[in-house]
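**Q** kindly generate the corresponding structure for this input.
(2 chains)
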Amino acid sequence: MIMASEVEEKVVFDTESAKEVVKELRANFVAGKTKSYEWRMSQLIAMLKMMEENEPQIVAALRDDLSKPELESSIYEIAMLKKSCGMALKELKHWMMPEKAKTSLTTFPSSAAIVSEPLGVVLVISAWNYPFLLSLDPVVGAIAAGNAIVLKPSEIAPATASLLAKLVVDYLDSSCIKVVEGAVPETSALLEQKWDKILYTGNGRVARIVMAAAAKHLTPVVLELGGKSPVIVDSGINLKVATRRIISGKWGCNNGQACISPDYIITTKDYASKLVDSFKCDLERFYGKNPLESRDLSRIVNSNHFARLSKLLDEDKVSGKIVHGGERDKTNLKIAPTILLDVPRDSLIMNEEIFGPLLPIILVDKVEDSFDVINSSGMKPLAAYLFTNNNKLKEKFVETVSAGGLVVNDTTVHLAEPSLPFGGVGDSGMGAYHGKFSFDTFSHKKAVLYRSFACDAFIRYPPYTRGKLRLLQAFFGGSMLGIIRAVLGWFKA
Amino acid sequence: MKIVSAALFKDCTTSIVGVGLGGIITYRHTYKFNQVRFSGSVRSSCYCCATLSSTMEKAKQTFDVDNAAVLVNELRKTFSSGKTKSYEWRMSQLECISKMIDEKEKEIIDALHEDLSKPELEAFLSEISMTKSSCKLALKELKRWMMPKKVETSMATYPSSAEIVSEPLGVVLVISTWNFPFLLSLDPVIGAIAAGNAVVLKPSEIAPATSSLLARLLGEYMDKSAIRVVEGAIAETSTLLEVKWDKIFFTGGARVGRIVMAAAAKHLTPVTLELGGKCPAVVDSNVDLEVTARRIIAGKWACNNGQACIGVDYIIATKEFAPKLIDALRSVLEEFFGKDPMESKDRSRIVDSFHYKRLINLLDEDKVSDKVVVGGQRNESQLQIAPTILLDVPEDSLIMQEEIFGPLLPIITVEKLEDSFDMINRKPKALAAYLFSDDEQFKTKFVQNISAGGIAINDTVLQLTVLSLPFGGVGESGMGSYHGEFSFDAFSHKKAVLYRSFAGDSPTRYPPYTPAKEKQMKALLSGNLLNIILALLGLI
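**A** Residues are numbered from 1 along each chain as shown, chains lettered A, B, ... in the order given. Take a look at the predicted model:
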């Protein structure tokens, strides 16, 4: 609705305004401003400074939008982003260097390099669950790669969106980096424009719209989506640690409202009751006897999502399966950590992404059957987790379960490793970012071959003769003898 | 467009030549190709693959969505069984391709001759040997490519180890094109096989001899439970695009590229789009003129007679230098193709009459026709146009607005060579850009300022043969890339895998949250060992 640079509330952001924004950014990109190492560094430094100087404001905005606990905000949103920024600052020179590539006999003498160049003007459309991190982390990559950027934060986290709009103007170069706030009409206006890359974080339905819009302009896309991320729990493990790590990835991650949060658990019939007991005990230790009162849990983001989650919980064949929790507080948008045991596979809760504090447990006879449960859905999740001490099972898991990323014996922490690409596959998305992958995702890898005028081989050129053909055949056949023969034959002829 | 499509289907009877001919579904249009080829309006609907308009409903479809669904289901079943994932299967299929090329070289050359009058040496060099070397490299490197790549882990997840595992995407579709119909069909297929996918190849109907040869050969040599060919035109392509693929790899024009990507969006299918564009060659005045002329000619007329996506589209040179360059080109052209180039057997023909007319249209535009300085001869019945050079055509002419894709070469002159950057950057990004120069500084500037899929300095087209370089466009020239290991990557999902043990679990991560925990976590993420120790000791 409002552009960062203007504070007139009433201005409607329509296609024309979007066109103007892109035009301005493109002019500045073409002028070469964003391409220099210095500009990129200055913007990354400014962003780091912005986070250091505004941590309380950011924490407050996240509390407004999601009642996000301060530790979660300052660790999973701010510290993570700082880390990402810090790494880009440290590695940028190295990332920007052309990468030498080997050349072959075919082009001898020659040298080759892969040169990373910015794509141009890029659009980042972000989500509401980690509204700060998921907005700025892609922006770090886009800046590092030398692009001009428009960021469209989610209107479902309005406090963070407007804080972002303000901070970006205050700290970053607003001739090349802009925030456009708004909802569906603004996003549609933006999507009509030609971008050089779109990175979208959100759900599969909107992702299809984004990609179809991108197709009109041949714009490449990164789609960071979600999915039902399973956790397989084997027996014979350190149950205490496993329980804590699952809780931390589920309720300790924005109360389950995270794209890589555990969505459901698969365990054996024999082990389930032990696991449930362990959950009960640790959940109480973490969130107290009355978890609705706990300040260490985010709330449900809004009443739509509250209603959606209630519906999952109240489905006939599901509501009787609650073994822990189930309490809810509609006015404060709180739902207690809830565990459901043995819900039917055809229930709603097992057929859509839960994205909230409900955790169903599916039972299998043998832990190996879990792989089929996961793969039979045909939908590839963004993450999959396994807790086991069995190395064979680990291997089988990595081999047979397809997901954006896998973690063995923990949840969600792969996100914190910038040496791993973060991104989905199939229904969980396409493309990846984090660390150098962020730089790569916003760069074009230009192939460059250098030759000199020396050693010009006549056999390439017409008129084509039998001799030339034979020489080439020998050359590509790789037989030295053949080459010699052909050359001799050539001279004889 | 409606009229066009009606014309296309009026004279054709579509029949199933043989389902089960070696397992290949060969839905072939047995329409009269000559007739189609010479009714120009028809071809406008087929440029670089297919137009996917609603008008095709009028046509009788023999390969319908149900067929496509059955096909994909079969392949998906094979894929799910894990067959294509094994190293052995991939190697065996790559070996089959290699064997197929060795054994059927003559047939391939004949098909290319039929479709394009492609000279034997060109067919050998740019299609057969390229495909072979691509296959050879995959055979040699596959084990290494398939290996999980260990990566470093940080303090944040200590103790842990991590790797990136390449896994096949599933069932993929390769839509190929007519100008290098053999190479551009099999090269992506090699990547798809190397990465362990099941593949459907849809070759171009505009190169029908190669298309049907591919259908036959792949049926004969390859594992038909996982690798199929679907022949056909617009109707078949749009049918294929309706079903869900795990990747679509498309080579062709930007217009159809958009249609392919929009179709892919419905299923969240990632795409690689290999398109084209107007590839410029900037020629400095300090060059070795003879070598430059030869290499430009090699990248234009000796490259399928200009019908190549990375062929030289136009030249930029300074006003003073242009006449010298033209003289050099003229004399080398004569050396290569003789006094009467129309008689030369060493150039491909124009693929069909639609493209012939399109090119004539470019040549006959009012403000262009008097700019011809070399060539200009044409022969409609043989679909030949002589190597033609045009000097100083206006920038707003048709020939400077669309991709030429044929034997016409305009030369644009500038005052200073630096002016060429603006001229190039005003146009959509091309698949390739070339510079001939001896000036190191200018080379650096060119690489810095010109955005294109790839760049070659002091040569043309050869960047394609360097398999350690990614081949692919940017902007209007496409997205994604392939060749060598990049082909493997294009058809793989890079799965992030992090391994942890149960040991070393710190209570810091868990609620109830306290300020001390927050400090410890921040220290951990900062990766600074001193901070971590201080935080754990409660000192910061």
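
**Q** going forward, measure contacts and count neighbours with C-alpha atoms only.
**A** Noted.

**Q** B:K99: how many residues sit nearby?
**A** 14 (other CA atoms under 10 Å in any protein chain shown).

**Q** residues from the stretch 1-150 of chain A in reach of chain B?
**A** Neighbours of chain B within the stretch 1-150 of chain A, by CA under 8 Å from any CA of the partner chain: A:71, A:74-75, A:79-80, A:83, A:101-104, A:106-107, A:112-114, A:117, A:119.

**Q** list the contacts for A:G356?
**A** A:N255, A:G256, A:Q257, A:I300, A:L309 (CA atoms under 8 Å, 6 or more residues apart in numbering or on different chains).

**Q** check which helix or strand covers B:D422.
**A** helix B:419-425 (DSSP states H and E).

**Q** got the residues of the stretch 151-300 of chain B near chain A?
**A** B:151-154, B:156-157, B:162-164, B:167, B:246, B:254, B:257-259, B:261-263, B:265-270, B:288, B:291-292, B:294, B:298.

**Q** try 7 Å
**A** For the stretch 151-300 of chain B, the contact set with chain A under CA under 7 Å from any CA of the partner chain comprises B:151-154, B:156-157, B:164, B:246, B:258, B:261-262, B:265-266, B:268-270, B:288, B:291, B:298.

**Q** now the residues you listed: which count as buried?
**A** Burial by neighbour count, judged by 16 or more other CA atoms under 10 Å in any protein chain shown, picks out B:151, B:153-154, B:156-157, B:164, B:246, B:258, B:261-262, B:265-266, B:268-270, B:288, B:291, B:298 from these.

**Q** if we can go back for a sec, name the helices or strands packed onto the helix holding B:D422?
**A** Applying 3 or more CA pairs under 7 Å, 6 or more residues apart in numbering or on different chains; DSSP states H and E, one finds that helix B:419-425 makes contact with no other helix or strand.

**Q** just the contacts of A:G356: which are in helices?
**A** A:L309 (DSSP state H).

**Q** TSV please, covering the contacts of A:G356 and showing distance to A:S370 and neighbour count.
**A** Shown next, in TSV, are the contacts of A:G356 (distance: CA to CA, whole Å; neighbours: other CA atoms under 10 Å in any protein chain shown):
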residue	distance to A:S370	neighbour count
A:N255	25	29
A:G256	22	28
A:Q257	24	26
A:I300	30	28
A:L309	25	19
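
**Q** need the contacts of A:G356 in JSON lines (columns: pLDDT).
**A** As requested, the contacts of A:G356 are arranged in JSON lines below (pLDDT from 0 to 100):
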{"residue": "A:N255", "pLDDT": "97"}
{"residue": "A:G256", "pLDDT": "97"}
{"residue": "A:Q257", "pLDDT": "98"}
{"residue": "A:I300", "pLDDT": "97"}
{"residue": "A:L309", "pLDDT": "98"}
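
**Q** among the buried ones among the residues of the stretch 151-300 of chain B next to chain A, which lie within strands?
**A** Under the assignment DSSP state E, these contribute B:V151, B:I164 to strands.

**Q** quick one on the thing from earlier: show me the residues of the stretch 151-300 of chain B next to chain A that map onto helices.
**A** B:R258, B:M261, B:A262, B:A265, B:V291, B:A298.

**Q** for the closest residue to the first one other than its chain neighbours, what is the enclosing helix or strand?
**A** In space, B:R258 comes closest to A:A215 once its chain neighbours are excluded; the distance is 5.1 Å by CA to CA, 6 or more residues apart in numbering or on different chains. In this assignment (DSSP H and E), A:A215 forms part of helix A:204-216.

**Q** okay, now the sheet partners of whatever helix or strand comes next after that helix, with direction.
**A** Following helix A:204-216 in sequence order, the next helix or strand is strand A:221-224 (DSSP H and E). Here strand A:221-224 has these sheet partners by DSSP bridges: strand A:197-201 (parallel), strand A:429-430 (antiparallel).

**Q** now do the helix or strand where B:L359 lies, average pLDDT.
**A** Assigned by DSSP H and E, B:L359 falls within helix B:353-363. Mean pLDDT, helix B:353-363: 97.

**Q** can you check stretch B:201-212 too?
**A** 98.

**Q** give me the number of neighbouring residues for the residue nearest to B:R258.
**A** A:A215: 22 surrounding residues under other CA under 10 Å.

**Q** show me what contacts it?
**A** Neighbouring residues of A:A215 by CA atoms under 7 Å, 6 or more residues apart in numbering or on different chains: B:R258, B:M261, B:A262.

**Q** identify the bridge partners of B:Q384.
**A** B:N379.

**Q** just the buried residues of stretch A:206-219, please?
**A** A:207-219.

**Q** so how far is it off the chain centroid?
**A** Relative to its chain's centre, stretch A:206-219 lies at 18 Å (CA atoms, centre = their mean, to the nearest Å).

**Q** what is the mean pLDDT for that stretch?
**A** Stretch A:206-219 shows a mean pLDDT of 98.

**Q** tell me the spatial nearest neighbour of A:P185, not counting adjacent residues.
**A** In space, A:P185 comes closest to A:D14 once its chain neighbours are excluded; the distance is 7.5 Å by CA to CA, 6+ apart.

**Q** tell me the pLDDT at the one you found?
**A** We have a pLDDT of 93 for A:D14.

**Q** what about it, distance to chain B?
**A** 24 Å (CA to the nearest CA, to the nearest Å).

**Q** what about that residue, how many residues nearby?
**A** Neighbours around A:D14, by other CA under 10 Å: 16.

**Q** quick check, it in contact with A:A189.
**A** Yes - with contacts counted by CA atoms under 7 Å, A:D14 reaches A:A189, the gap being 5.6 Å.

**Q** return the residues in contact with the residue nearest the centre of chain B.
**A** Centroid-nearest residue in chain B: B:E274, 3.6 Å away (criterion: CA atoms, centre = their mean). Contacts for B:E274 (CA under 7 Å, 6+ apart) come out as B:F250, B:T251, B:G252, B:G472, B:G473, B:S477, B:G478, B:M479.

**Q** partner residues bridging the second one?
**A** So that's B:T251. According to DSSP bridges, the partner residues bridging B:T251 are B:E274.

**Q** isn't it up against B:S176?
**A** Yes - contact criterion CA under 7 Å: B:T251 and B:S176 qualify, at 5.2 Å.

**Q** helix or strand for A:L283, which one?
**A** helix A:269-287.

**Q** just the buried residues of that helix, please?
**A** A:Y271, A:A272, A:L275, A:V276, A:S278, A:F279, A:K280, A:D282, A:L283, A:F286, A:Y287.

**Q** for the residue nearest to the second one when sequence neighbours are not counted, report the pLDDT, please.
**A** Think A:A272. Among residues not flanking A:A272 along the chain, A:L363 sits closest, at 7.4 Å (CA to CA, 6+ apart). pLDDT, A:L363: 97.

**Q** what number of residues lie near B:L121?
**A** When neighbours are defined as other CA under 10 Å, B:L121 has 26 of them.

**Q** ok, A:H94 next?
**A** Residues lying near A:H94 (other CA under 10 Å) number 10.
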